[in-house]
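# Sequence first, then the predicted structure, then my questions.
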Amino acid sequence: MSCNLMIRRALVAAVFLAVSAAAASLHAQRGGGGGRGGRGAGGGAEAQRDTTHGYAIKDQNIITHCARCHTRDSTGIMGRISYERKTPEGWETSIRRMVTLNGVKLEPAVARSILHYLSNEQGLAPSEVKAGRFEAERRMIEYRYTADAGTERTCRACHSMGRVITERRTREEWELLVATHRGLYPDVDFQAFRRGGPAPPDSAGAGQPMDGAIAHLARVFPLRTADWNAWSASMRAPHLEGTWLLSGTEAGRGAFYGRVTVTRTPGTDDEFTTKATYRYAKDGKVVTRDGKTIVYTGFQWRGRSSEGGAKAEDSWREVMFVEPGWQEMSGRWFKGGYDEFGMDVSLVRLGANPVLAGVSQHALRTASRDQELTVFGGNLPKAAQAPALDLGPGIHVDRVVRSTPDSITVRVSIDSAAVVGARDLFVGGASLRGGLVVYDKISRIKVTPLAGLARVGGANFPKQFQQFEAIAYHNGPDGKPDTDDDLELGPVDVSWALDEYGVTYDDDDLKFVGAIDQRGLFTPNLDGPNPKRSGNRNNIGDVWVVATYHTGDKVARSLTARAQLVVTVPLYVRWNPSANPPAVQP
């Protein structure tokens, strides 16, 4: 190990020990399990004392491995740990930090046990997770926290607000969290925590940005809440055994439908094995995945699954949320090492009654004849006849091609005078609201995402890919684009290309950033300086992603749309460096 690295680790450890010592000192001053308070992180005036009582820690693994730094009093209250509530991912991050920076020695089974205890005993209620569930699902979205602009600016300077709004702490704990940030990442003072330059004229007594953030977070996200009190009083291991109807979409591949069988792992309350079998509507490919799952806090599904024979590193992570009543759940499945690859999923428990999940072709054009359409679901009539399917006004079922309990394939015709708009489906006593839409022309297409992000890599750091789709629209009854009556017709096949995004003179980004295939998947170029590029620059830059759709109308015409793509540097710092965490997923 190099001398510089040893010094850096020693400094980091010293900072953490100092923060922990400060927490222990404050804990002792407050009488252990009593109320907690303290001065603001910016050294401001004494804040109003927080008398919130912490949660007693009863888990022997935590007591054995954590009490050296987190003092435990006679009532079971442990410094810092007793005054926080988080998602499983939040607790996992804390455990990893203790192992990495403070030298805590934990066997994997012990780490999982600690995570399991803290996630259940000091977790979050469903209502508390809802706004920030995108963080655990690893969604690339532009989330805006509107409750306090100053707090958003302070926190989003370095990471997603999802990390913040999925935690609950006492005021002192929010203060100590800020102190930890300042100790480990000193640049935060210049990036967001403190003002640069002279104070604005109207800021007398306002303190630093971090002081405002602490005050807001302590008020809006306190340790104890009515929602958590109600949920934890009724919380229990969910009964999810049985067969579930699966439906979802994957960018670049379209909709898929199938079933998931859930079996409880013997000797456990909240661990399950799964087998998912589903078929893509577009190309008919069938996929089977075997998985294992833990359900934390009675509703937070965290699983891992893979196709038969796949390597462990190729497994997909499953993050879903079980709705109260244990009849529905939804979320996202994604690759652990490449979060940008994933699919949205919904599951509905199958009982004795028929259920509809979706159709192979969401949009049907007027004046069409003999179109094949497959309706997907569960418990459908095994020998369905045409009269059993009601697809709405103007759509006629000519004949049934084949019928199984999971799908019914039919041939349909659509009247030339059929009214443009959505149709509800009724099949065998089951219904699907807005399952079909009738249109007479495609008015425009839109590329999603409108602003894409990719990262060069492949030599020293992993690449980050970007998948694009082209979505067709009808302008609706008013004939105007981007209004409330527009009809989304779904993804369409287009020709993909890249075009120069002119931001600098003699821009050559198009030659070096990467390439897009005809499925809309952009693959960035290699990281590192490129001697073939002017100035020996890296392969980064801005380009347009252009989609061209040929309508097939009698009068041939093409529709085009474009989105911006930023190809930037590798992700040098990852908040959670492991692609496949061993604790959250089984």
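Structure's in. What do you need? Numbering: from 1, shown residues only.
# Would you map the strands across the stretch 451-586 of the chain?
451-455, 466-467, 469-474, 487-491, 495-500, 514-516, 521-524, 541-550, 558-568 (DSSP state E, counting those that start in this stretch).
# next one: phi and psi at Ser127?
Backbone dihedrals for Ser127, given as degrees, to the nearest 10, come out at phi -70, psi -30.
# Same check on Tyr55?
phi -100, psi 130.
# among the strands of the stretch 451-586 of the chain, which is nearest Ala213?
strand 451-455 (26.2 Å; CB to CB). C-beta: built from backbone N, CA, C; applies to glycine.
# Not counting that closest one itself, show me its contacts.
140, 461, 463-466, 468, 513-514, 522, 524, 545, 563-571 (CB atoms under 8 Å, 6 or more residues apart in numbering).
# in it, what counts as buried?
452, 454-455 (16 or more other CB atoms under 10 Å).
# per-residue confidence averaged over it?
Mean pLDDT, computed over strand 451-455, is 96.
# for stretch 164-183, same thing?
Mean per-residue pLDDT for stretch 164-183: 96.
# With stretch 95-105 instead?
92.
# chain center to it: distance?
26 Å (CA atoms, centre = their mean, to the nearest Å).
# Select, out of the strands of the stretch 451-586 of the chain, the one closest to Ala386.
When the strands of the stretch 451-586 of the chain are compared (using CB to CB), the closest one is strand 487-491, at 24.8 Å.
# Give me the buried positions along that closest one.
Per 16+ other CB under 10 Å, strand 487-491 contains these buried residues: 487, 489-491.
# follow-up on the earlier one: could you single out the nearest of the buried residues of strand 451-455 to Asp59?
Arg455 (39.4 Å).
# For the closest one, which non-adjacent residue is closest in space?
Gln464 (3.7 Å; CB to CB, 6 or more residues apart in numbering).
# Return the backbone torsion pair for Leu124.
Torsion angles, degrees, to the nearest 10, at Leu124: phi -130, psi 150.
# ok, back up a step: output the strands of the stretch 451-586 of the chain in JSON lines; the columns should cover distance to Ala218.
Converted to JSON lines, the strands of the stretch 451-586 of the chain look like this (distance: least, CB to CB, whole Å):
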{"stretch": "strand 451-455", "distance to Ala218": "33"}
{"stretch": "strand 466-467", "distance to Ala218": "38"}
{"stretch": "strand 469-474", "distance to Ala218": "42"}
{"stretch": "strand 487-491", "distance to Ala218": "42"}
{"stretch": "strand 495-500", "distance to Ala218": "48"}
{"stretch": "strand 514-516", "distance to Ala218": "45"}
{"stretch": "strand 521-524", "distance to Ala218": "42"}
{"stretch": "strand 541-550", "distance to Ala218": "41"}
{"stretch": "strand 558-568", "distance to Ala218": "35"}
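# Burial check on Ser94, number of neighbours?
By the criterion of other CB atoms under 10 Å, Ser94 has 16 neighbours.
# likewise Val188?
By other CB under 10 Å, 18 other residues sit near Val188.
# Identify the residues contacting it.
157-158, 181-182.
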